[in-house]
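Asker: give me coordinates for this.
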Amino acid sequence: MDASVALGARAGEEEDAPRSRRLAGLLVKRPVLTLAIAVTLVALAAASVYTLAELRRFRRLDADRFTYIYAASGSSKPPQFLAHFSAGPTEIYQPITLDKVPARMIEAVLAAEDHRFRSHIGIDLRSILRAAWVNLTSLRIRQGGSTITQQLVKLRLLTSERTVGRKLREVWLAVVLERFYSKDQILEAYLNEVGWGARSGISVRGIRAAARVYFGQEPTQLTSANAALLAAMIKAPNRYASELHREETRARRDWILRRMREAGALDHKEFARARGTSIRLGAKIPSITGGHFVDMVRREGREQHAVSRSGDGPVWIITTLNENLQRIAESVVATQLARLERRFPELRRRDPKERLQAVLIALDPANGEIRALIGGRDYQTSQFNRAIHARRQPGSAFKPFVYCAALTSSTATVTPMSLIDDSPVVLTVGTRLWMPRNHADRYKGWVTVREALADSLNAATVRIAMDIGLDAVVSTAKRLGIESPLEPTPALALGALEVTPMELARAYLPFANGGWRPAAGRVIESVTVGESVAQRPTPKRERVLSGEGAHLMTALLQDVVERGTARNARVGGVLGQFAGKTGTSNDGRDAWFVGYSSRLLTLVWVGFDTGDPHGLTAAEAAIPIWVEFMRRAIAIEPPASQSLRSPSEVIPMR
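Answerer: Below you'll find the model as predicted:
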């Protein structure tokens, strides 16, 4: 190396070293400056992390907007639309792309909410200053000055709290959003996100839902007058959609029409025609099908990331639900509960939340998949899913597990024709005496095991449980699918425990399918992103009962239907081979029936949420619902899984 070059390099190093030392010394001597720099760096890092997280959340919500939930159907029919994945529990939400929104609707919204939308950077300083001046001079909050982008940020990512911190986040995210999304993308998201009030307790979200609910039209069919009216409602939807404020609504609509004319969106003739149009708002609320089930789909989809996007295109979620069976179940539960209230007027309650409730669960015996599910009488009144969350006493519906333990254990010496004493029995439980009583205090003396189960004899059942040992009953019940805590007490034999309806229904599956216990039932059959189908793996199953044991239990439970406590099910006109068991808890608080064929297992529960006794037997309350559902269901072809090669060809866009 040339000596002069080397000397220059050393000189540069010597110059850089003192500069670094001087900077370090400066920071040491000025701790306030050091702290300020550190705080700034930390703040910038935190802001970056926060911004990236919110953008990621925005993208996920945007993707969910075009995720559809469908009910499965036979291979000859396309799946039936149920709901949008991102819709709320009691919400009408029907997203639409911007190219399906007419220009007059877009111009009406811009005139009402943000007429400089096309030119600002996410915030409009002039609007902010104007709003601040109006609020200051009036000494109250009268204007907000938020742009459409800011409103979208608040709707999608933030809350409605009025704090300085939230407003600063809103402004910052609005500016960021404009850097990553086009104006059309922001406008499309806003038109699908903004709320248009509520009708009959159901929220209306998005322009397509609003057009359908208030005018019974698609957005493309809206006139200029109706477009301006919908735009007027954004500011205060429940106020401007009310009959009480008709003149105020007209004034705001006409103000928007004038702004549209000033912007060149309307000519004089169209403006005059629109302004002369009378205000007429309808209330066409579509029914919610399978609401409790759809909630389960959304939960499973989020927990298992079933709707995560790995590519472009809409997402179709095909569920295990059979729409025809679901509609039958909803109709039957509604009509049969109303019939019970007419027959027994003392069961009527004025408060909708206190009315008599019912659960209906229909499962595929082979794999435990849900074909129909009613989690309560009226989903719009109560979104509480009693099928999976309510814990109630099964009463005599638990007895098959006692008899299964007695008949199928490796050391069992009991047969269906064995004799058992059905006479009063008194047992010592702890420090107290306990005496199980038969219905109406009627005892039959010596009876066969088959007869004891068919007639649901309490005294005989308790004797069987005590003879084989309560631990054997507990072990059998848990092996078949009862997951709730089981205390080995004599009352357990009569169903003195709490289970969920779904838990009880699934525990009957081994009786119906030859002795197999399917894994926890899935509700999502497949997920399709664009043209890529991801079939969900079939849940594994475990043999928990021999085929001979399952056949024996089914034969005994067929006797319950043919000549025992469930004989009303046969009288009701249900054809074919069925087996099942009734259950009524103490004081008639809970009425149950679990019945099945080789094609369908259906559980019905009837009771009050409060636990108040209704005094009805299973034959009076639960069996009529089961009979009517099964009678109509057996005519329907069993649902078949459907593998989709090209979803866009068989699934209609919603």
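Asker: phi, psi of Gln383?
Answerer: phi -90, psi 0 (degrees, to the nearest 10).
Asker: isn't it right next to Gly201, touching?
Answerer: No. Between Gln383 and Gly201 there is no contact under Cβ atoms under 8 Å: 11.3 Å. For glycine as for every other residue, the C-beta is placed from the backbone atoms N, C-alpha and C.
Asker: next, show the common contact partners of those two.
Answerer: Common contacts of Gln383 and Gly201 (Cβ atoms under 8 Å, 6 or more residues apart in numbering): Thr90.
Asker: how about the residue nearest to Pro510 when sequence neighbours are not counted, phi and psi?
Answerer: What sits nearest to Pro510 in space, not counting adjacent residues and going by Cβ to Cβ, 6 or more residues apart in numbering, is Leu545, at 4.6 Å. Here is the backbone geometry of Leu545 (degrees, to the nearest 10): phi -150, psi 140.
Asker: before we move on, what about Ala45?
Answerer: Dihedral angles (degrees, to the nearest 10) for Ala45: phi -60, psi -40.
Asker: go on, Phe384?
Answerer: The phi/psi pair for Phe384 (degrees, to the nearest 10) reads phi -70, psi 120.
Asker: wait, what's in contact with it?
Answerer: Taking Cβ under 8 Å, 6+ apart, one finds Gly375, Gly376, Ala390, Asp609 in contact with Phe384.
Asker: if we use 6 Å, what do you get?
Answerer: By Cβ atoms under 6 Å, 6 or more residues apart in numbering, no residues touch Phe384.
Asker: one more: the one 10 residues further on?
Answerer: Residues counted as contacts of Pro394 (Cβ under 6 Å, 6+ apart) are Gly495, Val499, Leu504, Gly583.
Asker: low-confidence stretches in the stretch 401-550 of the chain?
Answerer: 530-536 (pLDDT under 70).
Asker: now do the helices in it.
Answerer: Taking DSSP state H, counting those that start in this stretch as the test, the helices found in the stretch 401-550 of the chain are 449-454, 458-468, 470-480, 501-507, 509-512, 547-563.
Asker: what about Thr319, distance to Val332?
Answerer: Distance from Thr319 to Val332, counting by Cβ to Cβ, to the nearest Å: 21 Å.
Asker: how many residues are close by His268?
Answerer: 8 (other Cβ atoms under 10 Å).
Asker: now it: how far from Glu262?
Answerer: Taking Cβ to Cβ, one finds His268 at 12 Å from Glu262.
Asker: pretty sure Ala227 contacts Arg104?
Answerer: Yes. With contacts counted by Cβ atoms under 6 Å, Ala227 reaches Arg104, the gap being 4.8 Å.
Asker: which of those two has more residues huddled nearby?
Answerer: Using other Cβ under 10 Å as the criterion, Ala227 and Arg104 rank with Ala227 on top: 30 against 22.
Asker: next SSE after the strand or helix carrying that one?
Answerer: Using DSSP states H and E, Ala227 sits within helix 224-233. As assigned by DSSP H and E, the chain's next helix or strand after helix 224-233 is helix 237-240.
Asker: which other helices and strands contact that next one?
Answerer: strand 195-199 (3 or more Cβ pairs under 6 Å, 6 or more residues apart in numbering; DSSP states H and E).
Asker: whichever helix or strand comes after the strand it packs on - contacts with which helices or strands?
Answerer: Downstream of strand 195-199, the next assigned helix or strand under DSSP H and E is strand 202-205. Secondary-structure packing of strand 202-205 (3+ Cβ pairs under 6 Å, 6+ apart): strand 91-93, strand 195-199.
Asker: give me the next element, helix or strand, following the shortest one.
Answerer: Sequence-wise, the next helix or strand beyond strand 91-93 is helix 103-113, with elements assigned using DSSP H and E.
Asker: who are the packing partners of that next one?
Answerer: Secondary-structure packing of helix 103-113 (3+ Cβ pairs under 6 Å, 6+ apart): helix 224-233, helix 246-262.
Asker: the residue nearest to Pro510 against Gly515, yeah?
Answerer: Yes. Shown here, Leu545 and Gly515 form a contact pair, counting by Cβ under 6 Å, at 3.6 Å.
Asker: return the strand or helix carrying Ile69 as CSV; C-alpha atoms alone will do.
Answerer: Ile69 belongs to strand 67-72 when assigned by DSSP H and E. The C-alpha trace of strand 67-72 is given here as CSV (Å, rounded to 0.1, in the frame of the first residue of the first chain):
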residue,chain,number,x,y,z
THR,A,67,-65.8,-15.2,4.1
TYR,A,68,-69.1,-17.1,3.7
ILE,A,69,-70.6,-19.8,5.9
TYR,A,70,-72.7,-22.5,4.1
ALA,A,71,-74.7,-25.5,5.2
ALA,A,72,-73.8,-28.8,3.7
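Asker: one step back: Gln383 and Gly201: which is more packed in?
Answerer: The neighbour count for Gln383 versus Gly201, taken as other Cβ under 10 Å, is higher for Gln383 (15 against 10).
Asker: contacts only, for the more buried one.
Answerer: Per Cβ under 6 Å, 6+ apart, neighbours of Gln383: Pro89.
Asker: contact partners for Ile636?
Answerer: Asn324.
Asker: going forward can the numbers begin at 41, since that is how I track them
Answerer: Sure thing, new numbering starts at 41, so read that last one as Ile676.
Asker: that one falls within a helix, correct?
Answerer: No. Counting by DSSP: H, G, I helix; E, B strand; the rest coil, Ile676 falls outside a helix, being coil.
Asker: quick one, grab the pLDDT at it.
Answerer: You'll see Ile676 listed with a pLDDT of 74.
Asker: how close does it sit to Ala517?
Answerer: In terms of Cβ to Cβ, Ile676 sits 32 Å off from Ala517.
Asker: can you check Asp462 too?
Answerer: Asp462 is 22 Å from Ala517, where distance means Cβ to Cβ.
Asker: and Pro354, by the same measure?
Answerer: Separation of Pro354 from Ala517 (Cβ to Cβ) stands at 45 Å.
Asker: for Thr80, find the nearest of the helices and strands packed on strand 242-245.
Answerer: Closest approach to Thr80 among the helices and strands packed on strand 242-245 is made by strand 235-239 (39.3 Å; Cβ to Cβ).
Asker: got the CA positions of the closest one in CSV?
Answerer: Coordinates of each C-alpha in strand 235-239 appear next as CSV, following Å, rounded to 0.1, in the frame of the first residue of the first chain:
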residue,chain,number,x,y,z
GLY,A,235,-74.2,1.0,10.6
TRP,A,236,-77.8,1.9,9.5
GLY,A,237,-79.6,1.5,12.8
ALA,A,238,-81.7,-1.4,13.9
ARG,A,239,-85.0,-3.0,13.1
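Asker: against which helices or strands is it packed?
Answerer: Strand 235-239 packs on strand 242-245, helix 277-280, going by 3+ Cβ pairs under 6 Å, 6+ apart.
Asker: domains in this protein, by residue range?
Answerer: Domain segmentation of the chain under automatic domain parsing yields 131-315, 362-434+539-563+584-694, 435-442+451-537.
Asker: of all those, which lies closest to Gly331?
Answerer: Proximity to Gly331, assessed across the domains of the chain by Cβ to Cβ, is greatest for domain 362-434+539-563+584-694 (3.4 Å).
Asker: and the residue nearest the centre of the chain, helix, strand or coil?
Answerer: Nearest to the mean C-alpha position of the chain, by Cα atoms, centre = their mean, lies Asp335 at 0.8 Å. Three-state assignment for Asp335 (three-state DSSP): helix.
Asker: from Leu198, how far off is Ile428?
Answerer: Distance of Ile428 to Leu198, computed by Cβ to Cβ: 32 Å.
Asker: and if you look at Ile132?
Answerer: Applying Cβ to Cβ to Ile132 and Leu198 gives a distance of 23 Å.
Asker: between these two, who's got more neighbours?
Answerer: A count of neighbours by other Cβ under 10 Å puts Ile132 above the other of Ile132 and Leu198, at 24 against 15.
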